[in-house]
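> my questions are about this predicted structure, shown below with the sequence.
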Amino acid sequence: MHILLALTTGDKHGYAIMKEVESFTEGAVMMGPGTLYGAVKQMLKAGLIDESSERPDPDLDDERRRYYRLTDLGLRTLDAEVDRIEQLARTARSRRTDAMSRLGA
């Protein structure tokens, strides 16, 4: 989910994905290269992301970098995961309120 979320703002290479995830999680999630590229490989195979053929200015980039982009399926999958997490949070809040009432808190 973190990788898909990082790609919602545009195509990124692996290191940029890692830094984006670290930034929006305020350092709570720090992906290493092994974790990132293992997930990228599976996401490419599943069709959630594609390798992008568009490149930035060659003077500003390293030609060895691979850029990734979110696919329509990836965006739909992200949306479904957000909906699932929102439902889980609603259930957790409701049950927490019920428990607090039962315990007299």
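Cool, got the structure.
> and Met30, its phi and psi?
Backbone geometry at Met30, expressed as degrees, to the nearest 10, gives phi -120, psi 100.
> show the pLDDT at the spatially closest residue to it that is not a sequence neighbour.
Leaving aside its sequence neighbours, Met30 sits nearest to Glu22 (CB to CB, 6 or more residues apart in numbering; 5.3 Å). Glycine gets a C-beta too; all of them are placed from N, C-alpha and C. Confidence at Glu22, expressed as pLDDT, is 96.
> OK, contacts around Glu22?
The contact partners of Glu22, taken as CB atoms under 8 Å, 6 or more residues apart in numbering, are Val29, Met30, Met31.
> what's the burial count for the second one?
Number of residues near Met30 (other CB atoms under 10 Å) recorded here: 11.
> next: the last one.
Other residues within reach of Met31 by the criterion other CB under 10 Å amount to 20.
> Provide the secondary structure category for it.
Under DSSP: H, G, I helix; E, B strand; the rest coil, Met31 falls in the coil class.
> longest helix in the protein, by number of residues?
Using DSSP state H, we find that the single longest helix of the chain is helix 72-102.
> elements contacting it?
On a contact count with 3 or more CB pairs under 8 Å, 6 or more residues apart in numbering; DSSP states H and E, helix 72-102 meets helix 2-6.
> contacts for the helix it packs on?
12, 16-17, 20-21, 24-25, 29, 31, 36, 39-40, 43, 48-49, 70, 74-75, 77-78, 81.
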